[in-house]
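Enquirer: Sequence and predicted structure below; questions after.
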Amino acid sequence: MTHTLRKAAVAVAMLCLCATTWAAQRQMAPATTSTNAQQHELRSPDGQLRVSMNIDKDGLTWRLEKNGQTVMLPSRIGLVVDGKEAIQGKARETECRQVNQYFATEFYKKAYVVDNYATLTLRFAKASVEFRAYDDGAAYRILWQGKQARVDSEQAQFCFSGDPKAFIPYVNDNRGGERYCYSFESYYDETALSAMYRDSLAITPLAVCLDGGRKAIVMDCGVEDYPGMMLVRDESTARTSGSELLKAVFAPLPLEETVGGFDRLNLVPTKRANYIARIGARQQLPWRAVVVTDRDADILDCDMAQRLAPPCRVKDTSWIKPGKVAWDWWNNTNLTGVDFASGMNTDTYLYYIDFAARNHLEYIIIDEGWSGKESLMEDLSDAIDLDRLIAHGQQKGVGIILWSSWRNLIGNRPTDGYDQAEAVMSHYARRGVKGFKVDFFDRDDQEVIASAYRLADCAARNHLLLDLHGLKPFGIQRAFPNVLNFEGVKGLENSKWEPRVGDGPLHNQPRYDVTAPYLRMLCGPMDYTPGAMTNAMRNNFFGNNDNPMSQGTRVHQMAMYTLFEAPLQMLADSPSAYEREQECTDFIAQVPTTFDETIAIDGKLGEYAVVARRKGTTWYVAAMTDWTPRQLTISLSFLGSGTHKASIFADGVNAMKDARDYRHTTQTVTATDQLRVSLSSGGGWTAIIR
């Protein structure tokens, strides 16, 4: 079915669904405002989540409760513009309503998103604050009502009772020594909020573990023309006694920059303003959101980031083609059994194209080295005949994506204009290139966020895909669906240089693999780059740049193709490795990169995850665990009537000794079946059910 017909079919089906949803919910208690003009209340559609707002002499606070239990204590909201607080005094007017709607998605883990919420807007003299209460969380954003202005600071607090444990992703690898220059790749420190490092910023999403297994996940959404939000522990007396307070921190606007950072690939600010942003007349600021869930698995199917992102701005998306990519960098272009020297040369990429075509992969990437370090138009590699590769790819039905650093694409000053980016993109689009992997942004101040939107628009006009590295998703992926993936994740590349400490690797990668889907993936797709065919247990793993391996089992890697959201998904290992393991490669090649439906079956943050996704009438199911072996039961109640054939890959009986060991079986299943699944240490399980 074509993309257009698929969207039309979804729309017809959803008209019926939403009519039923609206009829069912119209009887619910609407959002309410109390008689006291200084106190306001909002309830979610199911009535279980309550948002309370209070305006006092110090300004505005908001508070969250679920089923009568406190989720977040009163937390301050503020905005200082041109030296004056914009959110103070009585709210002049309130707007309160219930919204029941849906929207079709472009390239996502489901074909449509149901967007039901209660909303209330408080209007102050210079700004308004719009609140939304969903069944699975709450959010607010500030709506500036004035003219162009300078934002000196924004106050966003998140106050939690007691001293709960949290999953904290610290900023810990600054580029060029600059505090706000970071790649957004963080492992998670699991510690009490009181133990947060005083001198360290944390990125979002950040999870706070409340009583009874409940989670409150702090994040920002729909960021545009404004800096991203980071968090620190607030040690001021502003917090309630017996509580811990997180507060937002935003990178100040850069005033001067220099080329530097890693291998001179970054633009590193050397001078920043004493304010965080310049905003236009009636600008909408990003959403500040708290996802609230009692069941960890539900986080795997949460749509908060999609709901709060700006709507699609690309009128014709029919040219955008998600898919899988044969990638060169992780495997160091290691080819065996060929009659040429492999490396960054034409023969190597001809082989990658042929491999992609044989295995029905849509793209290859030519990573760093095809162009000079200072230009994408000059000093190009003589060893690569790009036009020949493009022509061969067109003949084979395989597109070519090129690597670029952000600064090489835009020039050495983002404010100099985008003539260079337009010239580069239009030049390579005319030659037949399908997209760019843009690397080393490594910042999310206002300048970089605005730059990403301009690049996405430029790429869309030239029918180019983008894969953004050195950034985490922030909403642009819905506005510009040609932005298919983001890095900002501690992906497989880290295994190349992972040191051993004692009897194992320094970092617990399998635990991260079952943490990131709940937190990092909550804000959008992630370019983890899975697919290692050399796999190891803790006792025999070691970092190896030229011949890398993964922590955990073969099927742990294979399960990532279903479990990890990535409309543009890599096959990180070499064609030679996949050809030696053709049975595994055939399975991986069949897994789509976008889906029509997602069901979060089971899981626990940091321990394991089980997900089922549907494309058409075929289901794709995957489970992964940390280093703890597990026995799980997977209900197949999501299947339709009748019998179905399942192709299953499971950890082999000897996977605890040799992580490459797996077992491939087929069996007939029905919706009444419950499959008993054994996961090895660092293991996985995955199936295609037709």
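Expert: Sure thing, it's come through.
Enquirer: Tell me which stretches of the stretch 351-500 of the chain form strands.
Expert: 363-366, 399-405, 435-439, 465-468, 483-486, 500-501 (DSSP state E, counting those that start in this stretch).
Enquirer: What is the fifth one packed up against?
Expert: Using 3 or more Cβ pairs under 8 Å, 6 or more residues apart in numbering; DSSP states H and E as the contact criterion, the neighbours of strand 483-486 among helices and strands are helix 446-461, strand 465-468, helix 476-479, strand 568-571. To be clear about C-beta, it is placed using only N, CA and C from the backbone, and glycine gets the same treatment.
Enquirer: The last one: partners in the sheet, and parallel or antiparallel?
Expert: In the sheet containing strand 568-571, its partner strands are strand 323-327 (parallel), by DSSP bridges.
Enquirer: quick check: angle from the strand it pairs with to strand 435-439?
Expert: Strand 323-327 and strand 435-439 are oriented at 60 degrees to each other (axes from the mean of the first three to the mean of the last three Cα atoms, to 10 degrees).
Enquirer: Can I get strand 323-327 in PDB, CA atoms only?
Expert: C-alpha atoms of strand 323-327 as PDB (Å, rounded to 0.1, in the frame of the first residue of the first chain):
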ATOM      1  CA  GLY A 323      14.800   2.100   5.800                       C
ATOM      2  CA  LYS A 324      18.000   0.300   6.800                       C
ATOM      3  CA  VAL A 325      21.500   1.300   6.000                       C
ATOM      4  CA  ALA A 326      24.800  -0.600   5.400                       C
ATOM      5  CA  TRP A 327      27.300   1.400   7.400                       C
END
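Enquirer: Quick one: mean pLDDT for that strand?
Expert: The pLDDT scores in strand 323-327 average 98.
Enquirer: now swap in stretch 287-300 and tell me
Expert: 98.
Enquirer: Can you point out the buried residues in that stretch?
Expert: Neighbour counts over stretch 287-300 (16 or more other Cβ atoms under 10 Å) mark W287, R288, A289, V290, V291, V292, T293, D296, A297, D298, I299, L300 as buried.
Enquirer: Out of those residues, which is nearest to M549?
Expert: Nearest to M549, judged by Cβ to Cβ, of these is L300 at 27.1 Å.
Enquirer: Tell me, please, where in the stretch 201-350 of the chain the pLDDT is lower than the cut-off.
Expert: 237-239 (pLDDT under 70).
Enquirer: quick one: the helices in it?
Expert: Using DSSP state H, counting those that start in this stretch, the helices of the stretch 201-350 of the chain run over residues 296-299, 304-307, 346-358.
Enquirer: picking up where we left off before, which one of the helices and strands packed on strand 483-486 lies nearest to S342?
Expert: strand 568-571 (16.4 Å).
Enquirer: So which residues make contact with the closest one?
Expert: 322-327, 330, 361, 363, 365, 465, 467, 484-485, 525, 527, 529-531, 561, 578, 585, 588, 593 (Cβ atoms under 8 Å, 6 or more residues apart in numbering).
Enquirer: In TSV: the helices and strands packed on strand 483-486, plus mean neighbour count.
Expert: Below are these laid out as TSV (neighbours: other Cβ atoms under 10 Å):
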stretch	mean neighbour count
helix 446-461	21
strand 465-468	26
helix 476-479	24
strand 568-571	28
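Enquirer: so where is the stretch 551-690 of the chain shaky, pLDDT-wise?
Expert: Using pLDDT under 70, the stretch 551-690 of the chain has no residue that qualifies.
Enquirer: what about the strands in it?
Expert: Under DSSP E, counting those that start in this stretch, the stretch 551-690 of the chain gives strands at 568-571, 597-604, 608-615, 618-625, 630-635, 644-651, 662-669, 674-679, 684-689.
Enquirer: so how far is the first one off the chain centroid?
Expert: The one in question is strand 568-571. 14 Å (Cα atoms, centre = their mean, to the nearest Å).
Enquirer: Could I have the CA atoms of that strand written out in CSV?
Expert: Provided in CSV are the C-alpha atoms of strand 568-571 (Å, rounded to 0.1, in the frame of the first residue of the first chain):
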residue,chain,number,x,y,z
LEU,A,568,16.7,5.1,9.6
GLN,A,569,18.3,2.0,11.1
MET,A,570,21.9,1.0,10.7
LEU,A,571,23.5,-2.4,10.2
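Enquirer: What are the buried residues along stretch 332-344?
Expert: N332, T333, N334, L335, S342, M344.
Enquirer: Please apply the same query to stretch 648-665.
Expert: Neighbour-count burial for stretch 648-665 [16+ other Cβ under 10 Å]: I648, F649, A650, D651, G652, A655, M656, A659, R660, D661, Y662.
Enquirer: Redo the strands of the stretch 351-500 of the chain as TSV? Include distance to R630.
Expert: Shown next, in TSV, are these (distance: least, Cβ to Cβ, whole Å):
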stretch	distance to R630
strand 363-366	35
strand 399-405	37
strand 435-439	35
strand 465-468	33
strand 483-486	29
strand 500-501	25
